[in-house]
Structure formats: structure tokens, C-alpha cells
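Colleague: for reference, the sequence and a predicted model appear below.
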Number of protein chains: 2
Amino acid sequence: MAIDHLDGRLIVLLAREPRIGVLEASRRLGVARGTVQARMDRLQSNGVIRGFGPDVDPAALGYPVTAFATLEIKQGQGADVRAHLATVAEVLELHTITGHGDMLCRLVARSNADLQRVIDRVVGFDGIVRASTAIVMENPVPLRIIPLVEQASDDTGPG
Amino acid sequence: MAIDHLDGRLIVLLAREPRIGVLEASRRLGVARGTVQARMDRLQSNGVIRGFGPDVDPAALGYPVTAFATLEIKQGQGADVRAHLATVAEVLELHTITGHGDMLCRLVARSNADLQRVIDRVVGFDGIVRASTAIVMENPVPLRIIPLVEQASDDTGPG
DNA sequence: TGGAATGCTGGGCAGATTGCCCAGTGAATA
DNA sequence: TATTCACTGGGCAATCTGCCCAGCATTCCA
């Protein structure tokens, strides 16, 4: 499950230049093509690499506003609330977190005004007692994985 | 900037089966290869599709614990705090949010015990006054974009 | 110490895909 | 009406993929 240094270099390379193929990657890493192929197969069956889905920017889709909402859930309504939130396209992710039966979700909206509509839609459900929303202003560190991969592969011996 | 229905179908297709190429995508969508090629070029230069980076699972890297930390920042220390957090590999993303000069960051750790180390590292910095952490227990809706893409492409006329 | 795995190398092969080009067509626009 | 634009359907050479193989070094274990 742990990744070695070669795995780390491969993932970082793929992250930086996703369109390169197995052959080009093998050239960059200085190893045989079969090695890269085997590593990628292993990383994917390990679940380390879930896939290579397109990284879509909600802002470019017309949803430039991001917010995080903390929801307080009525006892025993968790499953219903999850099902409800799963139907709202603007809910990009949902977590249950420690504390008073709470949830945290990431929302997007077309504008600050539109965010109100989204929040109404989210909280307009019986199981949700209260919601507190924090609007994102800047995103100094966009979702990233490279530093963690480098750290994880340094912990192991070099590959 | 808005995407039409064909764009939407293309993105959804790529999201579901990232490894298919332009040719196969054109077959699935029932359009000419050049069309798919042109759409993908446009989506990428638009910034709608940022890239095709590998989707790495932190849990599989040995970081199964996720948490969200809300940080209270000392006036005027924002830039320093950002720079500090950017150096911490376990900080996967960082947002500045509305309210008392606060930030919200997503953390991962090797264990609950390790999370303490990460938090100490995060808050062990002069500009940070206080931190409140919520540990993620479940993730009923993992980060997703498909529903939003479908909604955005339905809003436009069919393509 | 002698196997036996395991992982990497370097190579070959047929088939598929890519990047690039072209002319023709239909629709929307000026 | 003339022009622009996007899409079609096709062709081409170059490249890459998926799959196979034998050889070699290292590690692990009896």
C-alpha cells in the first residue's frame, strides 16, 4: 500500500503532465516501459490512483461562488438528509463530522444571490435544524496532492 | 464560457471513463472525431477542464484521517499564514472565508493521534490565534462534478 | 547455500490511435 | 446575398498501446 520513490515520481509526473503516455513517462523516469506499466496498474488496483477524470472548474461552468455550510441535523434524520443533499447538484461534497450530529458540505452557486437559493434548497428539508454558511473569498491553496505524495514516497525507501 | 449539451455529454463521458480516447469518445457521442477534438480543445482553453490529473486517494497513501480546521488569524498576518500552511503537505486545500479574518483548511493525517501532530504543526505559527477542528467520519457525497455539469449543460440549449 | 520468487530490462509485434490535413455542407449572420 | 462558423467524413504518416518473451539481479526462505 505504501508507495516508493519511483511511484511518487510517477504520480507527480502524471499530475504535472497528465497527457503524457506510458512510453513518454518511462523515458522521463529513465525506466523501462513495462515498469511504468506495472507501476500504474498496481497504483490503480491499490486504489492509490482512483482514476484520471477531467478536472472541471465550477467557476468556468458559471458557478464562481463557493461556500461551506455546516448543518445541524435532527436526531435520526441523517440518512434522509444525505439522500436529500445528494440530489442537489450544487452540493459538491458532503461529510459527516464529529460533533452534534453535524455535516459539512461544499456548495457552489452562480452568484451570492444565487447562493441564497442554493442554501434554501439545502436547508429546506425537515431533518435539517440549522445551517451556518461560510463563503469562500480566496483559495490560496487549491486542492493539491503532490506534496503529500512526495512526503509519502520519501517515508519509504527510494524506489 | 457556457457549455452546451454536447459539451456536457462529453465531460460526463470523460468523467465516467477517463481512459477512452478522442476516437472512442466520438463513437460514443455519435459525432465526428474532429468535433470531439475541437470541443476538448475549447473546453481546455476555456478553463472548464483544467486537466486530467490522476485522482489520488490520500487514504491509500496512508492518510486515512481527514479533518477540516477553521483558523482564526491575527490581523494582518494572512499572507504569512498562507505561506506557512502551503509548506505543510497535510494541508490539502486552504480557503479564506467570510467572517473574522478566518481560514478553512482541509487536513489529512495518518491517524487520529497523528492529526494532533498535524494540527500542532498548522497552528504552531504566530499569526494563528485559534483553531477549531472537525474530524470527518463519513463522506456520503465524495467530491463530484457530474450533476453540476449536467445542470449547466441543460440550462443551455442542446448541442 | 541452493532454489524460487519477484521486479526490472530491452526488445518485438500487430493493431489502434493520434495529430494533422482537406473539401464539402448546412446554418446562422452581416 | 455573401460570409463565417461548426461539423462531417475521409486520408495520411507517425506514434503509442497492449501483449508477449527471455535474461538478469535481488531478495527471501528452506
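Modeller: Thanks, I have the structure now. Because the structure is a prediction, the values reported are computed rather than measured. Numbering: from 1, shown residues only, chains lettered A, B, ... in the order given.

Colleague: what about the strands in chain A?
Modeller: A:49-51, A:55-56, A:65-73, A:91-97, A:102-109, A:128-141 (DSSP state E).

Colleague: turn the ones you listed into JSON lines, columns for mean neighbour count, mean pLDDT and distance to residue B:41.
Modeller: All C-beta spots, glycine's among them, are computed from the backbone N, C-alpha and C. Shown next, in JSON lines, are the strands of chain A (neighbours: other CB atoms under 10 Å in any protein chain shown; pLDDT from 0 to 100; distance: least, CB to CB, whole Å):
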{"stretch": "strand A:49-51", "mean neighbour count": "18", "mean pLDDT": "93", "distance to residue B:41": "22"}
{"stretch": "strand A:55-56", "mean neighbour count": "20", "mean pLDDT": "96", "distance to residue B:41": "16"}
{"stretch": "strand A:65-73", "mean neighbour count": "20", "mean pLDDT": "97", "distance to residue B:41": "27"}
{"stretch": "strand A:91-97", "mean neighbour count": "21", "mean pLDDT": "98", "distance to residue B:41": "26"}
{"stretch": "strand A:102-109", "mean neighbour count": "22", "mean pLDDT": "97", "distance to residue B:41": "25"}
{"stretch": "strand A:128-141", "mean neighbour count": "16", "mean pLDDT": "96", "distance to residue B:41": "26"}
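
Colleague: rebuild those as CSV, extending it with distance to residue B:56.
Modeller: Listed next are the strands of chain A as CSV, based on distance: least, CB to CB, whole Å:
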stretch, distance to residue B:56
strand A:49-51, 6
strand A:55-56, 12
strand A:65-73, 22
strand A:91-97, 16
strand A:102-109, 19
strand A:128-141, 16
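
Colleague: now for the ones you listed, which one comes closest to DNA strand D?
Modeller: Proximity to DNA strand D, assessed across the strands of chain A by CB to the nearest atom of the strand, is greatest for strand A:49-51 (13.7 Å).

Colleague: what's the closest non-adjacent residue to the residue of chain A most remote from its centre?
Modeller: In chain A, the greatest distance from the average C-alpha position (CA atoms, centre = their mean) is reached by residue A:32, at 31.7 Å. Spatial nearest neighbour of residue A:32, chain neighbours left out: residue A:26 (6.1 Å); criterion: CB to CB, 6 or more residues apart in numbering or on different chains.

Colleague: how deep is that neighbour tucked in, by neighbour count?
Modeller: Here the number of neighbours of residue A:26 (other CB atoms under 10 Å in any protein chain shown) works out to 19.

Colleague: distance of residue A:68 from residue B:151?
Modeller: 20 Å (CB to CB, to the nearest Å).

Colleague: DNA strand C versus residue A:12, what's the distance?
Modeller: Per CB to the nearest atom of the strand, to the nearest Å, residue A:12 is found 16 Å from DNA strand C.

Colleague: longest helix in chain A, by number of residues?
Modeller: In chain A, assigned by DSSP state H, the helix with the most residues is helix A:33-46.

Colleague: tell me how far that helix lies from the chain's centre.
Modeller: Taking the mean of its C-alpha atoms, helix A:33-46 sits 23 Å from the chain's own mean (CA atoms, centre = their mean, to the nearest Å).

Colleague: mind giving me the packing neighbours of that helix?
Modeller: Packing partners of helix A:33-46 (3 or more CB pairs under 8 Å, 6 or more residues apart in numbering or on different chains; DSSP states H and E): helix A:5-16, helix A:22-29, strand A:49-51.

Colleague: can you say which of the ones you listed is packed in most?
Modeller: Between these, helix A:5-16 has the highest mean count of neighbours, a mean of 20, where neighbours are mean count of other CB atoms under 10 Å in any protein chain shown.
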